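Asker: Predicted model, plus sequence, below.
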Amino acid sequence: MTQQDLFESAKAAMAHSHSPYSKFPVGAAIRAKSGAIYAGCNIENASYPEGWCAETSAISQMVVAGDTEISEILVLAEKMDKITPCGGCRQRISEFASASTPVHLCDANGVVETVAIEDLLPKSFDLDDHT
Ligand code: THU
(Lines give C-alpha, C1' and ligand atoms only; values in the text may rest on other atoms or scores of the structure.)
Protein backbone atom coordinates (compact mmCIF):
# COMPACT_ATOMS: atom_id res chain seq x y z
CA MET A 1 0.00 0.00 0.00
CA THR A 2 1.57 3.30 -1.07
CA GLN A 3 -0.42 5.13 1.60
CA GLN A 4 1.18 3.16 4.45
CA ASP A 5 2.73 6.31 5.94
CA LEU A 6 -0.61 8.14 5.82
CA PHE A 7 -2.37 5.12 7.33
CA GLU A 8 0.12 4.88 10.19
CA SER A 9 -0.16 8.63 10.86
CA ALA A 10 -3.97 8.48 10.93
CA LYS A 11 -3.85 5.45 13.23
CA ALA A 12 -1.46 7.18 15.63
CA ALA A 13 -3.70 10.27 15.66
CA MET A 14 -6.80 8.13 16.23
CA ALA A 15 -5.16 6.75 19.37
CA HIS A 16 -5.40 10.30 20.77
CA SER A 17 -9.07 10.76 19.84
CA HIS A 18 -11.06 12.53 22.54
CA SER A 19 -14.42 10.82 22.04
CA PRO A 20 -15.80 9.91 25.46
CA TYR A 21 -19.38 10.70 24.35
CA SER A 22 -19.68 8.82 21.07
CA LYS A 23 -16.91 6.32 21.87
CA PHE A 24 -16.21 6.46 18.13
CA PRO A 25 -12.51 7.26 17.58
CA VAL A 26 -11.58 8.60 14.13
CA GLY A 27 -8.19 9.46 12.62
CA ALA A 28 -7.29 11.30 9.43
CA ALA A 29 -4.05 12.11 7.64
CA ILE A 30 -3.31 14.50 4.80
CA ARG A 31 -0.37 14.50 2.43
CA ALA A 32 0.04 18.13 1.42
CA LYS A 33 1.53 19.36 -1.88
CA SER A 34 4.80 20.04 -0.01
CA GLY A 35 5.02 16.33 0.84
CA ALA A 36 4.45 16.90 4.55
CA ILE A 37 1.93 14.76 6.39
CA TYR A 38 -0.62 16.25 8.81
CA ALA A 39 -2.76 14.04 11.03
CA GLY A 40 -5.77 14.69 13.24
CA CYS A 41 -8.34 13.01 15.46
CA ASN A 42 -11.90 13.84 16.45
CA ILE A 43 -12.17 16.01 19.55
CA GLU A 44 -15.52 15.97 21.33
CA ASN A 45 -16.90 18.25 24.03
CA ALA A 46 -19.33 17.96 26.95
CA SER A 47 -21.33 20.55 25.03
CA TYR A 48 -21.89 18.07 22.22
CA PRO A 49 -22.21 20.39 19.18
CA GLU A 50 -18.82 21.94 19.98
CA GLY A 51 -16.88 18.81 19.05
CA TRP A 52 -15.20 18.43 15.67
CA CYS A 53 -14.05 15.73 13.27
CA ALA A 54 -10.67 14.11 12.63
CA GLU A 55 -10.50 15.55 9.09
CA THR A 56 -11.05 19.05 10.47
CA SER A 57 -8.22 18.55 12.99
CA ALA A 58 -5.86 17.40 10.21
CA ILE A 59 -6.80 20.38 8.00
CA SER A 60 -6.14 22.70 10.93
CA GLN A 61 -2.66 21.22 11.45
CA MET A 62 -1.93 21.66 7.73
CA VAL A 63 -3.03 25.28 7.56
CA VAL A 64 -1.18 26.28 10.73
CA ALA A 65 2.00 24.75 9.26
CA GLY A 66 1.63 26.87 6.12
CA ASP A 67 0.44 24.25 3.61
CA THR A 68 -2.69 24.98 1.59
CA GLU A 69 -3.07 22.12 -0.90
CA ILE A 70 -4.19 18.57 -0.14
CA SER A 71 -2.63 15.94 -2.46
CA GLU A 72 -4.45 13.07 -0.77
CA ILE A 73 -6.34 12.43 2.44
CA LEU A 74 -6.99 9.19 4.34
CA VAL A 75 -9.71 8.56 6.94
CA LEU A 76 -9.93 5.71 9.43
CA ALA A 77 -12.38 4.77 12.19
CA GLU A 78 -11.80 2.22 14.91
CA LYS A 79 -15.35 0.85 14.76
CA MET A 80 -16.32 1.23 11.09
CA ASP A 81 -14.85 -0.10 7.88
CA LYS A 82 -14.73 2.43 5.03
CA ILE A 83 -15.86 5.49 6.99
CA THR A 84 -16.51 8.39 4.64
CA PRO A 85 -16.07 12.04 5.66
CA CYS A 86 -19.21 13.80 6.94
CA GLY A 87 -20.83 16.50 4.84
CA GLY A 88 -19.13 19.40 6.61
CA CYS A 89 -15.71 17.79 6.26
CA ARG A 90 -16.30 17.15 2.56
CA GLN A 91 -16.78 20.89 2.13
CA ARG A 92 -13.69 21.65 4.25
CA ILE A 93 -11.57 19.17 2.27
CA SER A 94 -12.84 20.72 -0.99
CA GLU A 95 -11.56 24.11 0.13
CA PHE A 96 -7.97 22.82 -0.10
CA ALA A 97 -8.36 20.14 -2.81
CA SER A 98 -8.92 19.84 -6.54
CA ALA A 99 -11.86 17.88 -7.96
CA SER A 100 -9.79 14.71 -8.42
CA THR A 101 -8.04 14.76 -5.02
CA PRO A 102 -8.10 11.17 -3.69
CA VAL A 103 -9.88 10.35 -0.44
CA HIS A 104 -8.72 6.98 0.91
CA LEU A 105 -11.25 4.96 2.94
CA CYS A 106 -9.89 2.26 5.24
CA ASP A 107 -10.54 -0.80 7.30
CA ALA A 108 -8.31 -1.88 10.19
CA ASN A 109 -5.60 -3.10 7.81
CA GLY A 110 -5.35 -0.25 5.33
CA VAL A 111 -6.96 1.42 2.33
CA VAL A 112 -9.94 -0.47 0.89
CA GLU A 113 -11.35 2.14 -1.48
CA THR A 114 -10.21 5.43 -2.96
CA VAL A 115 -12.69 8.02 -4.23
CA ALA A 116 -12.26 11.49 -5.70
CA ILE A 117 -13.54 14.33 -3.52
CA GLU A 118 -15.79 15.47 -6.40
CA ASP A 119 -17.58 12.12 -6.22
CA LEU A 120 -18.18 12.59 -2.49
CA LEU A 121 -19.27 16.21 -2.94
CA PRO A 122 -20.64 16.82 -6.44
CA LYS A 123 -21.70 20.36 -7.34
CA SER A 124 -19.93 21.74 -4.26
CA PHE A 125 -20.35 25.32 -3.16
CA ASP A 126 -17.48 27.36 -4.64
CA LEU A 127 -17.24 31.15 -4.46
CA ASP A 128 -15.18 31.11 -7.69
CA ASP A 129 -18.44 30.35 -9.48
CA HIS A 130 -20.14 33.60 -8.44
CA THR A 131 -20.87 36.36 -10.97
N1 THU B 1 -16.44 11.90 12.93
C2 THU B 1 -15.24 12.21 12.37
O3 THU B 1 -14.26 12.49 13.06
N4 THU B 1 -15.17 12.22 11.01
C5 THU B 1 -16.21 11.92 10.17
O6 THU B 1 -16.07 12.03 8.97
C7 THU B 1 -17.49 11.46 10.73
C8 THU B 1 -17.64 11.58 12.20
C9 THU B 1 -16.53 11.92 14.40
C10 THU B 1 -17.39 13.01 14.98
C11 THU B 1 -17.76 12.42 16.33
O12 THU B 1 -16.72 12.73 17.25
C13 THU B 1 -17.77 10.92 16.08
O14 THU B 1 -17.10 10.71 14.86
C15 THU B 1 -19.16 10.31 16.01
O16 THU B 1 -19.94 10.99 15.10
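Answerer: Right, received. Where do you want to start?
Asker: And the residue nearest the centre of this structure?
Answerer: Closest to where the C-alpha atoms of the chain average out (CA atoms, centre = their mean) is Glu55, at 3.1 Å.
Asker: quick one: that one and Val75 touch, right?
Answerer: Yes - with contact taken as CB atoms under 8 Å, Glu55 and Val75 are classed as touching, separated by 6.3 Å. No exception for glycine: its C-beta is placed from N, CA and C like everyone else's.
Asker: Overlap in contacts, those two.
Answerer: Among the neighbours of Glu55, those also in contact with Val75 (CB atoms under 8 Å, 6 or more residues apart in numbering) are Ala28, Pro85.
Asker: is any part of the helix or strand harbouring Arg31 close to the ligand?
Answerer: Counting by DSSP states H and E, the secondary-structure element that holds Arg31 is strand 26-32. Yes - using CB under 6 Å from any ligand atom, strand 26-32 reaches the ligand at Val26.
Asker: Tell me which helix or strand comes right after that strand.
Answerer: strand 37-41.
Asker: Listing partners with orientation, what would you give for that following strand?
Answerer: Pairing partners of strand 37-41, with direction, according to DSSP bridges: strand 26-32 (antiparallel).
Asker: how about Asp119, phi and psi?
Answerer: Torsion angles at Asp119 (phi, psi; degrees, to the nearest 10) stand at phi -80, psi -30.
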